[in-house]
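Student: Here is the input, now give the coordinates:
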Amino acid sequence: MWKPLRSPYVRYLLPFGAILAALLAQGAVAVVVPKGFDFPYAFFYLIAVFAVAWFGGYAPGAIACLLTVVGLPLATTHGFRLSSIDPSRVIIFMGVSFLISKVSLDQQRARRLLRTANDELEQRVKTRTRDLAQAVESLESEVAQRRKTEEKLQTQLGRMSLLDQITRFVGERQDLRSVFQIVIRTLEDSLPVDFACVCLHDPVAEELTVTCVGVRSEALAMELALTEQARIATDRNGLSRCVRGQLVYEPDVSQIDFPFPSRLSKSGLRSMVAAPLLSETNVFGILLVARAEANAFSSGECEFLRQLSEHVALAARQAQIHTALQQAYDDLRRTQQAVMEQERLRALGQMASGIAHDINNALSPVALYTESLLDREPGLSARTREYLETTQRAIEDVSHTVGRMREFYRKPEPQLALSPVDINRLVHQVVDLTRARWSDMTLEQGIDIRMCMDLASHAPIVAGIESEIREAMTNLIFNAVDAMPNGGTLTLRTGKSPQGVQFAVEDTGVGMDEETRRRCLEPFFTTKGERGTGLGLAMVYGVAQRHSAEVEIESAIGRGTTMRLCFPIPVPSAATLPELPSAPVLSSRLRILIVDDDPLVIKSLGDTLEAEGHLVTTASGGREGINVVQTAVERNERFAVVITDLGMPYVDGRKVASAVKMAWKTTPVIMLTGWGQRLIDEDDIPANVDRVLNKPPKLQQLRTALSELAVGAAPI
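Tutor: The predicted structure follows:
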């Protein structure tokens, strides 16, 4: 595209140059074209004029026209005459030139406008392109930033999900070790890490004790000597900041000179994070994780471990609280059970106190008459005497049993009076005493129980209380019989061993499981339902304790049970006691007053004392006894001895004793009561009472008391 000529010199020289070029072209063509050939040389001038009008504008175009139409003809005409010039041709030629200039100028103007518009458009396009490039670059940067943000959010979401998962897992655990195991296993699987462990802090020793190591970390733990219960000093290993509550991140442990980081580095671990486990303001442990690469933990992972340590510490605290509460609950439950048992024992004791009194009263006539018959009837047959002796032993055992009923509601007194006991002889006695239970009663029910005895050839002797050991044997036999509802063999064995003297009861019954075997000696524990009291084996255990004996139990379901009592070997000096001298029989008759509310006791005691030759006066109850004393005083009479019961309605034995001492200061008062042993043991003998005897009374004790207290009394 031709550009318009802007220089005025060039524009105004252009017509002359164009015409000159046309002349040169004409000359050149004339040389070539043969003479006489009519060549359109005017065409060159037209082109020159139109070119000048096009490129030069109006004025150069007009000059070119004038030069062509006027100047050249004028120059070629002799004398420079203008007559040959056609004005109309000049005007037309000028008009065409002007028209061409106008068209050229319009096109130039249009081109300028177009060029300006194009430049503006191009500039606008460049600007828009630049803006678009910047927008695209900004968008790409934003997309990359959003992608990074999304990745961070996904990572954070994954960590939060992992934290929630760990929190739920540890929330379901109630013991500290399982909490630690869940946390470490999850970290090894999901974070992941190359080594993980939990250490508990001992602030006194300033040490950390490895408590839990991950499954995948066990090989490294062996190499690092960080197995469970291993100890790590805090100050010497750069962990003091962590136990003060700060998160410790070491991006490259190989650059640290402390022994513990150096140990990690030698095992191929480069980066380490130690997160404190805080309970309130105290650090009770740390969570330690490590990786093989240096700078392997990001800030997000460190923050995750910090948050995780807080959750773990809270879960650990809850586990500790749960354990403490469970322990407190167990202690409270045991205390409650103990209180309930104590209340039951207290209620049982209150009932036992009254029952013991009534039983002792009921036994008193039997005991007195039996002892009197054995003592005063030498003509009894051997069979009758054996029956009476068995009856007497049974009465003594019942008396001892009643006396021990108080052990269920008060602390038993230490046993001091031990005597030599022949175990083989007791076995024979117990077999006879229990025959009705293991033979007669079972046969009535169609049950066959065979009794076998395997006794040591040399009679084993132990130091003990015969009645208590006999009662323990009886309870063991009864228990064995109850364990054989379909019959079987009951074997009694005695023997000696280096440990002592043994007595065993073996049955072929149903046997016991481990839980029953463990609890069978507890008071009130029974597997017999309403038929059992749960006190039989408890009594056996009590007897064993009082005799320093051991109770051994062997049992299996369906294979029977063996209950064994192992008594210590007796020391001869302690087991052999001197025999008490027999009480002297009074040769003189005494006037004796008997005061009791039980007619059978009055009758049996009166008959026994009258058989001894004494003059007996009886009074039924405390009020009547005081009346008898007052009547005797009025008659100027006195009693050599007064025997009174303690527990009587309206007026008890204390008031009777007081009335006797007011009437006769020197008259001895003997209190005969079912609570006699308790009064003696507790040193609670009532005032004005000279002697306390236990019911059922023994003739020997009565004679001794009368001979000692009635010394100097005037005979009748």
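Student: and residue 93, helix, strand or coil?
Tutor: Following DSSP: H, G, I helix; E, B strand; the rest coil, residue 93 is assigned to helix.
Student: contacting residues for it?
Tutor: Contacts for residue 93 (CB atoms under 8 Å, 6 or more residues apart in numbering) come out as 49, 65, 68-69. All C-beta atoms are positioned from the backbone trio N, CA, C, and that covers glycine.
Student: repeat that with 6 Å
Tutor: 65, 69 (CB atoms under 6 Å, 6 or more residues apart in numbering).
Student: ok, it to residue 99 distance?
Tutor: 11 Å (CB to CB, to the nearest Å).
Student: just so I have it, where are all the helices in the stretch 201-350 of the chain?
Tutor: For the stretch 201-350 of the chain, the helices defined by DSSP state H, counting those that start in this stretch cover 218-224, 240-243, 259-266, 299-376.
Student: Let me see the ranges of the helices in the stretch 501-650 of the chain.
Tutor: 514-519, 536-546, 572-575, 599-611, 622-634.
Student: Now mean pLDDT, mean neighbour count and distance to residue 182 too, for the ones you listed, in CSV please.
Tutor: What follows is the helices of the stretch 501-650 of the chain, written out as CSV (pLDDT from 0 to 100; neighbours: other CB atoms under 10 Å; distance: least, CB to CB, whole Å):
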stretch, mean pLDDT, mean neighbour count, distance to residue 182
helix 514-519, 84, 12, 32
helix 536-546, 83, 20, 45
helix 572-575, 44, 11, 62
helix 599-611, 87, 18, 75
helix 622-634, 91, 18, 77
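Student: okay if I get those as TSV plus distance to residue 693?
Tutor: Shown next, in TSV, are those (distance: least, CB to CB, whole Å):
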stretch	distance to residue 693
helix 514-519	41
helix 536-546	24
helix 572-575	27
helix 599-611	11
helix 622-634	17
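Student: nearest to residue 239, of those?
Tutor: helix 514-519 (46.4 Å; CB to CB).
Student: and that closest one, C-alpha only, in PDB?
Tutor: Taking Å, rounded to 0.1, in the frame of the first residue of the first chain, the C-alpha atoms of helix 514-519 are listed here in PDB:
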ATOM      1  CA  GLU A 514     -13.700 -73.800  90.700                       C
ATOM      2  CA  GLU A 515     -15.900 -70.900  91.700                       C
ATOM      3  CA  THR A 516     -17.800 -73.000  94.300                       C
ATOM      4  CA  ARG A 517     -14.600 -74.500  95.600                       C
ATOM      5  CA  ARG A 518     -13.100 -71.000  96.100                       C
ATOM      6  CA  ARG A 519     -16.200 -69.600  97.900                       C
END
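Student: Quick one: distance of it to the chain centre.
Tutor: Mean-position distance between helix 514-519 and its chain equals 25 Å (CA atoms, centre = their mean, to the nearest Å).
Student: and what of stretch 282-296?
Tutor: 27 Å.
Student: Over to stretch 42-60?
Tutor: 115 Å.
Student: list the buried ones in that stretch?
Tutor: In terms of neighbour count (16 or more other CB atoms under 10 Å), stretch 42-60 has its buried residues at 44-45, 48-58, 60.
Student: now it: mean pLDDT?
Tutor: Stretch 42-60 carries an average pLDDT of 81.
Student: who touches that stretch?
Tutor: Surrounding stretch 42-60, the residues in contact under the criterion CB under 6 Å, 6+ apart are 5, 11, 14-15, 18-19, 22, 25-26, 61, 64-65, 68, 97, 100-101, 104.
Student: Okay, and which of these map to helices?
Tutor: Assignment to helices by DSSP state H places the following of these there: 11, 14-15, 18-19, 22, 25-26, 61, 64-65, 97, 100-101, 104.
Student: Domains in this protein, by residue range?
Tutor: What the record gives for the chain is the domain set 8-132, 173-297, 414-575, 591-709, from automatic domain parsing.
Student: what about the last one, how long is it end to end?
Tutor: Taking CA to CA, to the nearest Å as the measure, domain 591-709 stretches 13 Å from start to finish.
Student: can you give me the offset of that domain from its chain's centre?
Tutor: The answer for domain 591-709 is 65 Å, by CA atoms, centre = their mean.
Student: Also the second one?
Tutor: On the basis of CA atoms, centre = their mean, the separation between the geometric centre of domain 173-297 and that of its chain is 24 Å.
Student: So what pairs up with the closest residue to residue 418 other than its chain neighbours in the strands?
Tutor: Spatial nearest neighbour of residue 418, chain neighbours left out: residue 463 (4.4 Å); criterion: CB to CB, 6 or more residues apart in numbering. Going by DSSP bridges, residue 463 is paired in beta bridges with residue 420.
Student: thought residue 463 was touching residue 569?
Tutor: No. Contact status for residue 463 versus residue 569: not in contact, 9.1 Å apart, counting by CB atoms under 6 Å.
Student: Please say which of those two ends up with more neighbours.
Tutor: residue 463 (21 against 16; other CB atoms under 10 Å).
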